[in-house]
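[1] no letters, just coordinates:
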Ligand code: BES
Ligand code: MN
Ligand code: ZN
């Protein structure tokens, strides 16, 4: 027995499947998006189905799903459709559910397909069989969820499937606990992906880091009994004119180090590797989508732990690019790791574009909550590209400022730069400004996913745990870079 529904895309009707039909709520009652179902409207009115967003009804053996008013319906609202239809199908113990997307515009179809793949996927690696049997979960309803797409939307649907499966791949790794997902396991996962997907793989070890002077990264790792790893995945397209580096923060656990975090909620800091996992997801999708640009994925992983050898507040280290950093707070560790990784990636790969994805600051969670990631850039045009990419994909980004005044706030007392400011104001922005000092000429975007990377309560279409935040927007922007003139 499978433990989750199988999801598929179909272009023909499937006899025997329970159909889910979408309806807008019009002035005169429900309006089926697929006009072939107009004949059921009278009955729907009789049962007082208004087609409000999220409303479901079973009429004539068909599941009807409300989308609300047509004028207010946005592509991202389509992400709630599979959950609503599956919920009723489950209650009905339906084996096969077919969600009819015909009649929807292309972007809602794309979001619907994404949501179907992502919403059925749960992280249950450590739930024992006995326990799930105890809940009567040995039978799965529905067994399959099929998305019926019109011929014109097949290509988009298939691509949404690749992206969604890469998101699920990223989620599965990010959800692993820190005793399992060590920096060593992260490197093994990266290597396994590379060999399966035909990507180049390089491992930079602690020794290499010492030789190359990645002392900011090493300072973070110095409190842990586990050695840091830096995996590099390389996708090269013959004749490519552009190179993109994508780097993800991979703190397999962030205790705060000597600047120890409070115990409450500290378990969530196993998700501090979500950026690195997003990069793995991106590289998996890139190997399948085969864009005409080079894409280099940087996956730096370490724990941030307190110990007798840990970095201490006041310590000064010289980063890979030669700048000295005063570590005033060992809990501002992500920026130390990324400082070395961004500087190294830029020197080594001479990318036109760099993107980093990081659960960087609690301040970003305060600013934007769980719905949008903070976006910071040294190049307004590149930031615009990401904004466009997010509007066509499944991630939401919000452009934040990055003026030189914020960089001035990071000035060190005893070194070139400090890893925290003394006022604590604008925490998400000053963290981004810190990173900007380690980027010289590449067009660079920093995505702070601290609020979007994981959740403790489900927000449809994603269950509790890691969300795969950042995978979609980067894959979308890769298509824009491919098409860019300069
Ligand atoms: N990993 C945290 C940021 C974080 C907080 C992610 C909450 C997800 C949810 C990061 O390393 C951190 O500890 N940042 C500090 C920075 C501070 C010391 C300047 C923070 O945000 O408190
Ligand atoms: Mn921290
Ligand atoms: Zn952290």
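    Received it, and whenever you're ready, just let me know what you need. Predicted, not measured: the structure shown is a model, and the values here were computed from it. Ligands and ions are numbered 1, 2, ... in the order given.

[2] hey, let's count contacts and neighbours off CA atoms from now on
    Noted.

[3] can you list the domain ranges for the chain.
    Following automatic domain parsing, the chain resolves into domains at 6-149, 160-483.

[4] mind putting those domains into a markdown table with mean pLDDT and mean neighbour count?
    Putting those into a markdown table (pLDDT from 0 to 100; neighbours: other Cα atoms under 10 Å) gives the following:
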| stretch | mean pLDDT | mean neighbour count |
| --- | --- | --- |
| domain 6-149 | 94 | 19 |
| domain 160-483 | 98 | 21 |
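
[5] can you tell me if the longest strand along the chain touches ligand 2.
    Among all segments of the chain classified by DSSP state E, the strand with the greatest residue count is strand 294-304. No. In terms of Cα under 5 Å from the ion, no part of strand 294-304 sits within range of ligand 2; the closest distance is 7.6 Å.

[6] before we move on, what about stretch 440-452?
    No. Stretch 440-452 is not in contact with ligand 2 by Cα under 5 Å from the ion; minimum separation 10.7 Å.

[7] and that stretch, how far apart are its ends?
    End-to-end distance for stretch 440-452: 28 Å, by Cα to Cα, to the nearest Å.

[8] now do it: distance to the chain's middle.
    13 Å (Cα atoms, centre = their mean, to the nearest Å).

[9] listing partners with orientation, what would you give for the longest strand of the chain?
    strand 229-235 (antiparallel), strand 243-248 (parallel), strand 250-254 (parallel) (DSSP bridges).

[10] show me which residues of this protein sit near ligand 2.
    256, 331, 332.

[11] residue 342 belongs to a strand, doesn't it?
    No. Counting by DSSP: H, G, I helix; E, B strand; the rest coil, residue 342 falls outside a strand, being helix.

[12] isn't it up against residue 439?
    Yes. Contact criterion Cα atoms under 8 Å: residue 342 and residue 439 qualify, at 6.5 Å.

[13] list the contacts for the closest residue to ligand 2 within the chain?
    Residue nearest to ligand 2 within the chain (Cα to the ion): residue 331, separated by 3.6 Å. For residue 331, the contacting residues are 254, 255, 256, 257, 258, 259, 260, 261, 304, by Cα atoms under 8 Å, 6 or more residues apart in numbering.

[14] could you redo the last one with a cut-off of 7 Å?
    Residues near residue 331 by Cα atoms under 7 Å, 6 or more residues apart in numbering: 256, 257, 259.

[15] skipping its backbone neighbours, what lies nearest residue 271 in space?
    residue 174 (6.0 Å; Cα to Cα, 6 or more residues apart in numbering).

[16] hmm, back to that, out of the strands paired with strand 294-304, nearest to residue 444?
    strand 243-248 (9.3 Å; Cα to Cα).

[17] what residues does that closest one touch?
    275-276, 278-279, 293-300, 351-358.

[18] 8 Å instead, please
    So strand 243-248 is in contact with 273-279, 293-300, 338, 341-342, 345, 349-358, going by Cα under 8 Å, 6+ apart.

[19] rewinding a little: quick one: the residue of the chain closest to ligand 2 from residue 448, how far?
    16 Å.

[20] residue 143 now?
    From residue 143 across to residue 448, the span is 37 Å (Cα to Cα).

[21] over to residue 167?
    17 Å.

[22] and the longest helix along the chain, anywhere near ligand 1?
    In terms of residue count, the longest helix belonging to the chain (DSSP state H) is helix 154-174. No. Helix 154-174 stays clear of ligand 1 (Cα under 6 Å from any ligand atom), getting no nearer than 13.0 Å.

[23] likewise for stretch 297-315?
    No. With Cα under 6 Å from any ligand atom as the criterion, ligand 1 is not reached by stretch 297-315; the gap is at least 8.8 Å.

[24] can you measure across that stretch, start residue to end residue?
    30 Å.

[25] equivalent analysis for stretch 327-337, please.
    12 Å.

[26] gap between it and the chain center?
    The answer for stretch 327-337 is 23 Å, by Cα atoms, centre = their mean.

[27] equivalent analysis for stretch 48-59, please.
    With Cα atoms, centre = their mean, you get 31 Å for stretch 48-59.

[28] which residues does residue 426 contact?
    If you count contacts by Cα under 8 Å, 6+ apart, then residue 426 has residue 363 around it.

[29] distance check, it against residue 357.
    The value you get for residue 426 to residue 357, if Cα to Cα is used, is 19 Å.

[30] before we move on, what about residue 349?
    For residue 349 relative to residue 357 (Cα to Cα), the value is 18 Å.

[31] next one: residue 350
    From residue 350 to residue 357 the distance is 19 Å (Cα to Cα).

[32] do I have it right that residue 97 meets residue 15?
    No. Residue 97 lies out of contact with residue 15 (Cα under 8 Å); the separation is 10.7 Å.

[33] return the residues of the stretch 251-400 of the chain in contact with ligand 1.
    By Cα under 6 Å from any ligand atom, the residues of the stretch 251-400 of the chain that approach ligand 1 are 256, 272, 329, 331, 332, 333, 334, 359, 360, 361, 362, 363.

[34] can I take it that the fifth one is in a strand?
    So the one you mean is residue 332. No. Read with three-state DSSP, residue 332 is coil and lies in no strand.

[35] return the residues in contact with it.
    256, 419, 420.

[36] so what's the second one up against?
    Spelled out, it's residue 419. 325, 326, 327, 328, 329, 332, 335, 336, 410, 431, 434 are the contacts of residue 419 under Cα under 8 Å, 6+ apart.

[37] show me what contacts the closest residue to residue 401 other than its chain neighbours?
    Of all residues not flanking residue 401 in the chain, residue 376 sits nearest, at 6.5 Å (Cα to Cα, 6+ apart). With contact taken as Cα under 8 Å, 6+ apart, residue 376 is in contact with 383, 399, 400, 401, 402, 429, 432, 445, 446, 447.

[38] which element is residue 376 on?
    Assigned by DSSP states H and E, residue 376 falls within strand 373-377.

[39] can you tell me the strand partners of that strand and which way each runs?
    Taking DSSP bridges as the criterion, strand 373-377 forms sheet pairs with strand 397-399 (parallel), strand 443-448 (antiparallel).

[40] which residues in the stretch 51-200 of the chain form strands?
    56-59, 62-66, 96-100, 144-148, 200-204 (DSSP state E, counting those that start in this stretch).

[41] the last one packs against which elements?
    The criterion is 3 or more Cα pairs under 8 Å, 6 or more residues apart in numbering; DSSP states H and E, and the helices and strands that strand 200-204 contacts are helix 183-197, strand 229-235.

[42] quick one: it to strand 229-235, angle?
    160 degrees (axes from the mean of the first three to the mean of the last three Cα atoms, to 10 degrees).

[43] and the nearest residue to residue 324 once chain neighbours are set aside, its phi and psi?
    Among residues not flanking residue 324 along the chain, residue 318 sits closest, at 4.3 Å (Cα to Cα, 6+ apart). Backbone torsions of residue 318, given as degrees, to the nearest 10, read phi -100, psi 120.
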